[in-house]
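S.K.: Give me a 3D structure for the following:
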Amino acid sequence: MQINKKSKIYVAGHRGLVGSALVRQLEGLGYSNIICRTRKELDLLNQAATNNFFNIEKPEYVFLAAAKVGGIMANSTYPAEFIYENLQVQTNVIQAAYQVNVKWLCFLGSSCIYPRDCPQPIMEEYFLSGPLEKSNEPYAVAKIAGIELCNSFNQGLGTNYVSVMPTNLYGPNDSYNLEESHVLPALIRKAHEAKLRGDHEMVVWGSGEPFREFLYVDDMADACIFLMEKGIGRGMFNIGLGEDISIGQLAHLVAEIVEFKGAIVFDRTKPDGTPRKLLDVSRMSELGWKAKTSLADGIALAYADFLRNENAILSS
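M.R.: Residues are numbered from 1 along each chain as shown. As a prediction, this is how the structure comes out:
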């Protein structure tokens with residue numbers, strides 16, 4: 001589908017990990033009419049404010065990347081916030097998009113919407129086929145509702161709302177707050193701080209045995225824009241690297257890139273979460289898309305970004 005580079009594109013959540021990557025990629029491709037609002041300028045939890053924004057701006061394309069996100073600790077500590085805020089934001093944006101006849105919308109889901117004990121690799125068809133992982137169930141339920149909302153609007157109202165399920169993302173603008181961050185940015189910060197202190201060991205939550213898949217966030221943004229430009233307006237698509245790694249192997253890889261020389265110690269009193277989570281990415285492959293950034297290269301890029309922002313990160 002040929003899209004005018006001057007088409008008005010709204011990126012919700014443009015300061016976050018995915019949203020900022022989307023803006024970078026769109027600008028790099030020559031899109032010149034990207035609209036963004038900070039939370040102070042537009043509170044997407046407020047339905048009236050969201051409707052007013054859409055009525056005034058009338059975007060043609062929408063990337064819904066605004067969400068409350070976090071790792072196991074954050075999900076366990078703030079379950080009410082995770083389900084309420086995500087339900088509210090996505091409902092407000094999707095309804096407002098429909099009211100102003102947005103041509104196409106991309107909803108950012110999450111691989112945690114799949115059952116805890118899914119067959120591996122995880123195919124889109126396994127959606128709603130079993131119980132969820134308890135440690136992030138409220139967040140997952142909110143994302144499931146967003147997917148179903150998009151599907152229902154498509155079926156009942158003729159919209160073009162596509163849902164994408166990214167694997168674990170990392171890269172520029174990630175959260176390195178150890179109480180809220182996901183495993184990879186947490187490992188980067190822990191390894192860096194341990195190196196600065198000259199520690200002889202670094203403690204990692206859990207057994208190190210679960211396997212996870214990680215995708216550099218600019219590749220995620222590239223996949224979303226690929227779907228927009230292809231005119232794919234319905235269905236759900238897994239977005240990932242197509243290969244996974246144990247948390248133990250990941251910790252050693254991060255330590256090598258950060259140049260932390262001490263031992264890696266696993267705290268088995270802490271939860272592991274889902275044993276394995278590898279996405280089947282054949283739907284995207286069949287459309288002609290594939291991730292470009294290897295895990296080692298992506299971690300090196302993420303660490304370079306961490307170092308550029310080290311003072312702000314470590315003081316937060």
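S.K.: Break down this structure into its helices, ranges please.
M.R.: In the chain, the helices defined using DSSP state H lie at 17-28, 47-57, 72-77, 79-99, 137-157, 183-197, 217-230, 247-258, 282-287, 295-308, 310-315.
S.K.: Could you pull out the buried residues of the fourth one?
M.R.: Residues of helix 79-99 classed as buried under the neighbour-count rule (16 or more other Cβ atoms under 10 Å) are 79, 82-83, 85-94, 96-98. Where you see a C-beta, it was placed from the backbone N, CA and C, and this is true even at glycine.
S.K.: one step back: for residue 123, find the nearest of the helices of the chain.
M.R.: With Cβ to Cβ as the criterion, residue 123 lies closest to helix 282-287 of the helices of the chain, at 7.9 Å.
S.K.: mind checking which of the helices of the chain is nearest residue 275?
M.R.: That would be helix 247-258 among these, by Cβ to Cβ, at 10.8 Å.
S.K.: what's the angle between the closest one and helix 295-308?
M.R.: Helix 247-258 runs at 50 degrees relative to helix 295-308, counting by axes from the mean of the first three to the mean of the last three Cα atoms, to 10 degrees.
S.K.: Go through helix 247-258 and flag the buried ones.
M.R.: By 16+ other Cβ under 10 Å, the buried positions in helix 247-258 come out as 247, 248, 250, 251, 252, 253, 254, 255, 257, 258.
S.K.: In contact with the first one, which residues are there?
M.R.: Residue 247 is in contact with 183, 204, 206, 207, 208, 209, 210, 211, 212, 272, counting by Cβ atoms under 8 Å, 6 or more residues apart in numbering.
S.K.: will you turn the helices of the chain into a markdown table that also has mean pLDDT and distance to residue 64?
M.R.: Below are the helices of the chain laid out as a markdown table (pLDDT from 0 to 100; distance: least, Cβ to Cβ, whole Å):
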| stretch | mean pLDDT | distance to residue 64 |
| --- | --- | --- |
| helix 17-28 | 97 | 9 |
| helix 47-57 | 98 | 11 |
| helix 72-77 | 66 | 20 |
| helix 79-99 | 94 | 5 |
| helix 137-157 | 96 | 8 |
| helix 183-197 | 95 | 22 |
| helix 217-230 | 98 | 10 |
| helix 247-258 | 98 | 29 |
| helix 282-287 | 98 | 19 |
| helix 295-308 | 97 | 24 |
| helix 310-315 | 84 | 27 |
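S.K.: Those: which one's closest to residue 66?
M.R.: helix 79-99 (5.4 Å).
S.K.: next one: that closest one to chain centre, how far?
M.R.: Here helix 79-99 is found 16 Å from its chain centre; the criterion is Cα atoms, centre = their mean, to the nearest Å.
S.K.: contacts for it?
M.R.: 12, 44-47, 50-51, 53-55, 59, 62, 64, 66-68, 70, 74-75, 105, 107, 136-139, 141-143, 145-146, 149-150, 153, 157, 159, 161.
S.K.: So which of the contacts of residue 247 is the closest to residue 243?
M.R.: Of the contacts of residue 247, the one sitting nearest to residue 243 (Cβ to Cβ) turns out to be residue 211, at 9.8 Å.
S.K.: how about residue 168, what does it touch?
M.R.: Here residue 168 is in contact with 111, 182, 183, 184, 212, 213, 214, 215, 277 (Cβ under 8 Å, 6+ apart).
S.K.: 10 Å - rerun?
M.R.: Each residue near residue 168 by Cβ atoms under 10 Å, 6 or more residues apart in numbering is listed here: 71, 110-112, 182-184, 212-215, 240-241, 244, 250, 277, 279.
S.K.: cool, and residue 302?
M.R.: Residue 302 neighbours (Cβ under 10 Å, 6+ apart): 170-172, 174, 176, 184-185, 188, 214, 216-217, 254, 257.
S.K.: and what of residue 211?
M.R.: 120, 243-250, 274-278.
S.K.: cool, and residue 238?
M.R.: Going by Cβ under 10 Å, 6+ apart, the list of residues near residue 238 reads 109, 111, 114, 121-124, 164-167, 213, 223, 278-284.
S.K.: Repeat that for residue 242.
M.R.: By Cβ under 10 Å, 6+ apart, the neighbours of residue 242 are 121, 167, 213, 215, 278-282, 284-285, 290-291.
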